[in-house]
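Engineer: What follows is a predicted structure for the sequence shown.
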Amino acid sequence: MFIPHSEEEIKEMLSYLGLKSLDELFLSIPDDLKTKSEEEKIKVLKELDVRKELKKISCENKPISSYISFLGGGIYDHYIPACIDQIVLRSEYYTAYTPYQPEVSQGTLQAMFEFQSLICDLFKMDVSTASHYDGATALAEAIYILKKRGYKNCLISSGLSPFCWEVVKTYFLGQDINFIKIPLKQFVLDIDYLEKKAKEFENDFFLVFQTPNFFGFIEDSNTISQIVKKYNGKLIVSCDPISLAILKPPGDYDADLATAEGQSLGLYPSLGGPLLGILTSKKEYIRELPGRICGKTIDKEGKVGYVTVLQTREQHIRREKATSNICTNQQLCALRAAIYLSLMGKEGLKKVANFSFQKSHYLYENLLSLPIFEKVSDKPFFKEFTIKSKVPIKELINKCEKERIYAGIDLYEITKDESLKDTLLICVTEKRKKEEMDYFVEFLKRSF
């Protein structure tokens, strides 16, 4: 707890106001709105002692850098070139913020424009915003765009990240929208059930799905898109941006809007944030996109200039006409992503995706060779996979942690779904070495 005012300062303030106590200061607040709590003595620490205490607390963290990590579930441990940190720490990047006379900040605006261009190229979509808080927020905003267009029925895949689903539910609490969960079959979208619901809500629905989905498996995007379009629906997809280097991008299967969590593009896991929301769309939705969009133009002297365009933010126009209450972006995170994509290039990103794909399959086959595991699906996966354990998952995870291995995510712990008891979500990025994976398998072999 940090208390900004000393007892002397409080007395001076009350004296100036002609009051005798803090209670008198807050008389205008009704009693039923006040929280009553017992007065407790607070230990006052000096700055040096505070630093020591905070250092002690921080040492209780267990960073993935000191473990062999197979954690995923939305935040990933990909390699980050060291020069990204050096470039981003330049003062013109680190402190810059698009001001309210935005054309003044040409460097920031150009960085936004480059980010949008790179993302559009990766997703094969027409338009990209200059970023949002995180992938879950970007997805909720995409849903909101179609809701404003009058679509009331949202078919939503059960393979969507439960973290994203919680954000979506919060966004639309009390709003006039009908969410229909589409179940999974073999851990991917049940195509027959999807077609049945698409036919039922023909002309008045849109589908939200994730690929690779939360369980790591790759959805049949072409078939899904064909069904949605057959019944005149709209399509929103959430995807892993790294996967787009080797998997078909959303624009190639006619997605209307495509979103992603961009953390894997040059951002550290950092105990869960900050993150980077990516939102792209077809050109027809450009005027309904929230947040910022940057454009490139020529001034009257013939010089190239960068400008913020179509800013339908609540700070710029009447609130009821705003496309969203999001009035900022993740510019520094977006800059990291732009630098990462520029450094990697198309071939570099393909290598990252291919190594992640190959290494995850290597570990998967080796784990299945152990008697304690069995497969849950024959469907293809990218860099994450779900696997069933014959030993209690908590015991397995705890034993591995003592060996400085993060074995993966307990899916039952996340979802509370009885059918997912003793299932493990394991992620393998290009950073994992063969020796680390072999050590993990050998340790499990010895322990169980």
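Structural biologist: Arrived safely.

Engineer: Straight-line length of stretch 146-164, end to end?
Structural biologist: 17 Å (C-alpha to C-alpha, to the nearest Å).

Engineer: distance between it and the chain's centre?
Structural biologist: Its chain's C-alpha centre and that of stretch 146-164 lie 16 Å apart, by C-alpha atoms, centre = their mean, to the nearest Å.

Engineer: which of the residues in the host helix or strand of K199 are buried?
Structural biologist: K199 is part of helix 191-200, with elements assigned from DSSP states H and E. For helix 191-200, the neighbour count (16 or more other C-beta atoms under 10 Å) marks Y193, L194, E195, K197, A198 as buried. Where you see a C-beta, it was placed from the backbone N, CA and C, and this is true even at glycine.

Engineer: Show me the two of those that sit farthest apart.
Structural biologist: Distance extremes for the buried residues of helix 191-200: the farthest pair is Y193 and A198 at 9.6 Å, using C-beta to C-beta.

Engineer: so which of the buried residues of helix 191-200 comes closest to A334?
Structural biologist: Closest approach between the buried residues of helix 191-200 and A334, by C-beta to C-beta: L194, at 33.4 Å.

Engineer: Now do that closest one, the pLDDT please.
Structural biologist: pLDDT for L194: 98.

Engineer: and what of the one 5 residues further on?
Structural biologist: K199 is assigned 97 on the pLDDT scale.

Engineer: Surely it is in contact with Y231?
Structural biologist: Yes - using C-beta atoms under 8 Å, K199 is in contact with Y231, at 5.8 Å.

Engineer: picking that back up, now do the helix holding K199: everything it contacts.
Structural biologist: Here helix 191-200 makes contact (C-beta atoms under 8 Å, 6 or more residues apart in numbering) with 155, 180, 182-183, 185, 205, 207, 220, 223-224, 227-228, 230-231, 233.

Engineer: domains in the chain, as residue ranges please.
Structural biologist: 64-78+345-447, 82-341 (automatic domain parsing).

Engineer: now for those domains, which one comes closest to V44?
Structural biologist: Among these, if distance is taken as C-beta to C-beta, the winner is domain 82-341, at 28.3 Å.

Engineer: How far does the closest one stretch from one end to the other?
Structural biologist: Where domain 82-341 begins and where it ends lie 14 Å apart, using C-alpha to C-alpha.

Engineer: so what's I180 up against?
Structural biologist: Per C-beta under 8 Å, 6+ apart, neighbours of I180: N153, C154, L155, I156, K197, F201.

Engineer: returning to what we had before: take the buried residues of helix 191-200 and lay them out in TSV including distance to D126.
Structural biologist: Converted to TSV, the buried residues of helix 191-200 look like this (distance: C-beta to C-beta, whole Å):
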residue	distance to D126
Y193	31
L194	26
E195	28
K197	28
A198	24
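
Engineer: Could you list the buried residues of stretch 347-358?
Structural biologist: Neighbour-count burial for stretch 347-358 flags L349, V352, A353, F355, S356, F357 (criterion: 16+ other C-beta under 10 Å).

Engineer: farthest pair in these?
Structural biologist: Comparing every pair within the buried residues of stretch 347-358 by C-beta to C-beta identifies L349 and F357 as the most remote, at 12.5 Å.

Engineer: Helices of this protein, start to end?
Structural biologist: Secondary structure of the chain (DSSP state H): helices at 7-17, 22-25, 47-58, 82-88, 91-94, 106-123, 135-148, 162-171, 191-200, 221-230, 331-368, 393-402, 411-415, 434-447.
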